[in-house]
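*Asks:* need a structure here:
(chains A and B)
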Protein chains: 2
Amino acid sequence: MKPEFVRNAAGRAVLKVINGETAVPYRGVGAHTPEGRKAAPPLARCADYPADGNKVVADLKTALQMAGLRDGMTISSHHHFRNGDLVANQVFDAAAELGAKDLRWFPSASFPCHEPMIRHLDSGVIHHIEGSMNGPLGAYASEGKMRGTGVLRSHGGRYQAIQDGEVHVDIAVIAAPTSDPFGNCNGVQGPSACGGLGFALADAQYADRVIVVTDNLVPFPCVPWQIMGNHVDFVVVMDKIGEPEKIVSGTTNITKSPDRLLIAELTARFVEAAGILRDGFSFQAGAGGTSLAFAIFLRDMMRARNIRARFVRGGSTRYLVDMLEEGLTDYILDGQTFDLAGVTSMRDNPRHIHTNPFVSYNYHNKGNIASMVDVVVLGATEVDVNFNANVVTHSDGRLLHGIGGWQNCLFSKCTILPIPSFRDRIPVIVDEVTTLCGPGELIDVIVTERGIAINPMRTDLIAATQGSGLPIRPIEDIKSDVEALCGGAPDKPAFTDNVIAAIKWVDGTVIDVVRQVGE
Amino acid sequence: MKPEFVRNAAGRAVLKVINGETAVPYRGVGAHTPEGRKAAPPLARCADYPADGNKVVADLKTALQMAGLRDGMTISSHHHFRNGDLVANQVFDAAAELGAKDLRWFPSASFPCHEPMIRHLDSGVIHHIEGSMNGPLGAYASEGKMRGTGVLRSHGGRYQAIQDGEVHVDIAVIAAPTSDPFGNCNGVQGPSACGGLGFALADAQYADRVIVVTDNLVPFPCVPWQIMGNHVDFVVVMDKIGEPEKIVSGTTNITKSPDRLLIAELTARFVEAAGILRDGFSFQAGAGGTSLAFAIFLRDMMRARNIRARFVRGGSTRYLVDMLEEGLTDYILDGQTFDLAGVTSMRDNPRHIHTNPFVSYNYHNKGNIASMVDVVVLGATEVDVNFNANVVTHSDGRLLHGIGGWQNCLFSKCTILPIPSFRDRIPVIVDEVTTLCGPGELIDVIVTERGIAINPMRTDLIAATQGSGLPIRPIEDIKSDVEALCGGAPDKPAFTDNVIAAIKWVDGTVIDVVRQVGE
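*Replies:* Residues are numbered from 1 along each chain as shown, chains lettered A, B, ... in the order given. Down below sits the predicted model:
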């Protein structure tokens, strides 16, 4: 049967049906109104759980069996350990041993360490992956090898999908650096400490069955309980759930590239010129080299002008922790901890707040934190002349990155993408992005080493930065310069007709699809 | 139409229909299996909420109007301020001004300060109250003056009822000592600080509309956010939401009565003799004079034997706080703070944990904290020879008390009721309790000044305390002594046939009813 397509509000042809379920095409920012009510998990009763609170079972296999593992179920996991995760592969190894087939793996993100899942995709244990596919699994999907269609969501979109009942999780497996026998658990203590466990919140709240896997069992109560044991069915103890050196890097490094440093500096100067840098302001920047450099430039400006932020959003690193400890911000509101300084700070500093996608990003909510942030600094693989941006596919068309919180952050008061104007001699500013992840109307500023482009819709920012001396230019001009330098616009990637993944918008609608790469 | 009755598993004749809805009769401890799934609140979307996070509206009346107040709705409030609450009366004054009728008031508890509600009950603004009715409102109901039937639930039962969809809250009003404009709020900061806001959790999660009322508005983020602003629709700021001196008493006092002190000491000695007092144990005791005295005796034993508790449950007082600070317990898991020392400790001590009825008490849950507590010490207005107990009606049959967490705590590993054998010359041990609140099979020990009675079902406790030298006696013997002293068994209260309230068990079934008092 040939898949049917419909053109969405962004002009993209998207699938009408994804993995057998009807999909809603993207309707524009804030234009889709969800119907109905939140998902309703089954009622439990204390009489069916051990009165002494001890939910420990022998091993993962036992827990999966007791959780009622069956063919076709959805099994979720989380990327709190990033590339150091040792649990998810074991979950599907155990499921394979139990003879399960056609499972949907629903990770909050997958990493190169999950390459062994390819065996289970090939053998039929896993039908398809819904979640970020960083690296080898993305390449596998891009080559058309996955039976089902991948579905990529932002962190907020993942919460929304579970909350709205769009994705029903049968069994959630939460790898936790510290847990008690009741299932209260956290990520700030224990040998595999990774920071927060916020990505697992939706799964804990809405999944039918919840399994906590830990390598550091402590007596009840495990405090803080980032995940409440009252959501948990079974606890499994194993020797090692993560490789600490890959969970949190000891150091995160600022870029040394002169071009990237220039971009970071221009970004910080733009923030200052636009009047955003004022007492009580807030910002979010990632943990990449350019973002870190931006944060350092901003910090120096804050020191010089004696400005204190009300809050900064993590992904936290030692640089944000230093700012907190120096009194340059009242709070870090942290969704994900990127280094050991971040973990320690989240554990010990009551002003370093553990957040989750419900409070931060969920769009089907009575507001969220993302829209309150004064300025956010994000990356992109491509942007186009209408300020639309792509974060999931590379210039060769391969699906190699996840969305993370990127789409959710676009709702900030000022969204800036500091990006190099070209990578590997391929221009980054294009006529039309290969994959649409974020609509241009939410992207306010592009900062490159060749100048700053402000979205014409943001007349306020244009007015505020006039006469600032910053190299503000039309995006088309920057594009022309780069094309002249690189020898023309980049070649379009070669695709087949086969759709290998759908990109969801924050409200669960389909904003674009990704096709199998061609020869 | 004459109400129909059915005899429940405890032999009590209970209503088949309560306020127009079919009720399930009590089936025995752990015998009722709830059907279906949790309640599903309506989906919201950020596009309908202010992007800057500012949800402040002019006043309570405006908030109620914007929340869509209509006749017959259910409005909830909470007793975090106990007898110092200034908000709930204003909510119904505003509703009256708006012309609303037949509302159901669903407080977590009501206090004498809510006597002005009688005006709204008389005028038809409020149809009936579901929740504890301490003092004047209980007397009003007992005289048959309330149109609907009162429904009393434990703290856990209130969470269960909301979670299970048994009670749908249309508008929740959460009075919060500190809030930000987004609705993130807590009870540990501000001039009206009261401790935790845990009783409002279910309402925040499940109500259609949530209004936060505060007298201490702080810039976003209000940290800690005991209630997440993402659940909140509107924020109202007023001058004063509570009378601090009535919210938390500066001091809580240990009983000076020699009889009560004896009871407290016997209770502590029993706990020791039964082998419960060991390293890593846990206990819960209330904030009444006898309970406090028990805690002091226990503390002295712990010091003497160098024993450290893993956790103690609050209601917290300065006595528990002292134990925490002295290192006699690793944690206080606190549901309700009873004095200023408790508030300060909850605010500043990371080992003083804010809990809520979901984690502590909800019976339709994957376990809860209550069943993990080694020993709990509770009060009662009456107990009978089968160890059944009453906490809601007085010897004159009037409904003057709420259930609180009492029913939920019965699930501890050892439940002790230290009670005087008579009050005002009326025996407390009877043949059959007037109102059944807790089934005897969950009540293990009765401690009176005339001896200790152990439930014959607890052969383990009987064996453990044999030869302890404690005055352990059959409950019938104690009863006989007291009757000899008081001039016979107490008169049965005079009731009419009219049922004025139903008592729910922790699973939502009806364990008993309360009738209107007669002449």
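
*Asks:* gap between stretch A:450-464 and the chain center?
*Replies:* 27 Å (C-alpha atoms, centre = their mean, to the nearest Å).

*Asks:* now do stretch A:332-342
*Replies:* The answer for stretch A:332-342 is 14 Å, by C-alpha atoms, centre = their mean.

*Asks:* what do you get for stretch A:228-237?
*Replies:* Taking mean C-alpha positions (C-alpha atoms, centre = their mean), stretch A:228-237 and its chain are 25 Å apart.

*Asks:* likewise stretch A:31-49?
*Replies:* 24 Å.

*Asks:* just stretch A:445-457 next, same as before
*Replies:* How far stretch A:445-457 lies from its chain's middle: 24 Å, per C-alpha atoms, centre = their mean.

*Asks:* so it, near chain B or not?
*Replies:* No. Using C-beta under 8 Å from any C-beta of the partner chain, we find that stretch A:445-457 stays clear of chain B, coming within 15.2 Å at best. Bear in mind the C-beta positions are built from the backbone N, C-alpha and C, glycine included.

*Asks:* tell me the contacts of the nearest residue to residue A:125 once chain neighbours are set aside?
*Replies:* Nearest residue to residue A:125, sequence neighbours excluded (C-beta to C-beta, 6 or more residues apart in numbering or on different chains): residue A:96, at 4.6 Å. For residue A:96, the contact set (C-beta atoms under 8 Å, 6 or more residues apart in numbering or on different chains) comprises A:120, A:123, A:125.

*Asks:* what's the PyMOL syntax to select whichever of these are buried?
*Replies:* In PyMOL, this line selects whichever of the contacts of residue A:96 come out buried by 16 or more other C-beta atoms under 10 Å in any protein chain shown:
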select buried, chain A and resi 120+125
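
*Asks:* any idea which of the contacts of residue A:96 is closest to chain B?
*Replies:* Nearest to chain B out of the contacts of residue A:96 is residue A:125 (C-beta to the nearest C-beta; 27.5 Å).

*Asks:* please list all residues in contact with residue A:246.
*Replies:* A:81, A:82, A:83, A:84, A:113.

*Asks:* enumerate the residues of the stretch 351-500 of chain A near chain B.
*Replies:* Near chain B, when you scan the stretch 351-500 of chain A using C-beta under 8 Å from any C-beta, you find A:351, A:353, A:358-359, A:362-369, A:371-372, A:411, A:413.

*Asks:* where does the stretch 151-300 of chain A come near chain B, residue by residue?
*Replies:* A:163-164, A:182-183, A:210, A:219-221, A:223, A:225, A:228-233, A:280.

*Asks:* next step: the residues you listed restricted to strands.
*Replies:* Taking DSSP state E as the definition of strands, these contribute residue A:210.

*Asks:* just the buried ones from the residues of the stretch 151-300 of chain A next to chain B?
*Replies:* Buried, going by 16+ other C-beta under 10 Å: A:163-164, A:182-183, A:210, A:220-221, A:223, A:225, A:228-233, out of those.

*Asks:* among those, which are located in helices?
*Replies:* The helices, defined by DSSP state H, take in residue A:163 from these.

*Asks:* need the max-distance pair from the buried ones among the residues of the stretch 151-300 of chain A next to chain B.
*Replies:* For those, the farthest-apart pair by C-beta to C-beta is A:164 and A:220; their separation is 33.3 Å.

*Asks:* who's in contact with the residue of the stretch 101-250 of chain A found nearest chain B?
*Replies:* Shortest the stretch 101-250 of chain A-to-chain B distance, computed as C-beta to the nearest C-beta: residue-wise this is residue A:230, at 5.0 Å. Taking C-beta under 8 Å, 6+ apart, we find residue A:230 in contact with A:182, A:183, B:358, B:359, B:362, B:365, B:366, B:367, B:368.

*Asks:* hey, which helix or strand in chain A has the poorest pLDDT?
*Replies:* Ranked by mean pLDDT, DSSP states H and E, the helix or strand of chain A with the weakest confidence is helix A:244-247, at a mean of 81.

*Asks:* what is the following helix or strand past that one packed up against?
*Replies:* Toward the C-terminal end, the helix or strand that comes next after helix A:244-247 (DSSP states H and E) is helix A:258-273. Helices and strands touching helix A:258-273, by 3 or more C-beta pairs under 8 Å, 6 or more residues apart in numbering or on different chains; DSSP states H and E, are helix A:289-305, strand A:415-418, strand A:445-448, helix A:459-465.

*Asks:* same thing but 6 Å
*Replies:* helix A:289-305, strand A:415-418, strand A:445-448 (3 or more C-beta pairs under 6 Å, 6 or more residues apart in numbering or on different chains; DSSP states H and E).

*Asks:* pLDDT below threshold where in chain A?
*Replies:* Applying pLDDT under 70 to chain A flags the ranges A:1, A:249-251, A:519.

*Asks:* find the residue at the geometric middle of it.
*Replies:* residue A:404 (1.4 Å; C-alpha atoms, centre = their mean).

*Asks:* out of the contacts of residue A:96, which is nearest to residue A:242?
*Replies:* Of the contacts of residue A:96, the one sitting nearest to residue A:242 (C-beta to C-beta) turns out to be residue A:120, at 20.1 Å.

*Asks:* ok but that closest one is inside a strand, no?
*Replies:* No. Remark: residue A:120 does not belong to a strand; assigned using DSSP: H, G, I helix; E, B strand; the rest coil, it is helix.

*Asks:* am I right that it is in contact with residue A:92?
*Replies:* Yes. Taking contacts as C-beta atoms under 6 Å, residue A:120 lies within contact range of residue A:92: 4.8 Å.

*Asks:* helices or strands up against the longest strand seen in chain A?
*Replies:* Using DSSP E to define each element, chain A has its longest strand at strand A:495-504. Applying 3+ C-beta pairs under 6 Å, 6+ apart, one finds that strand A:495-504 contacts strand A:150-152, strand A:510-517.
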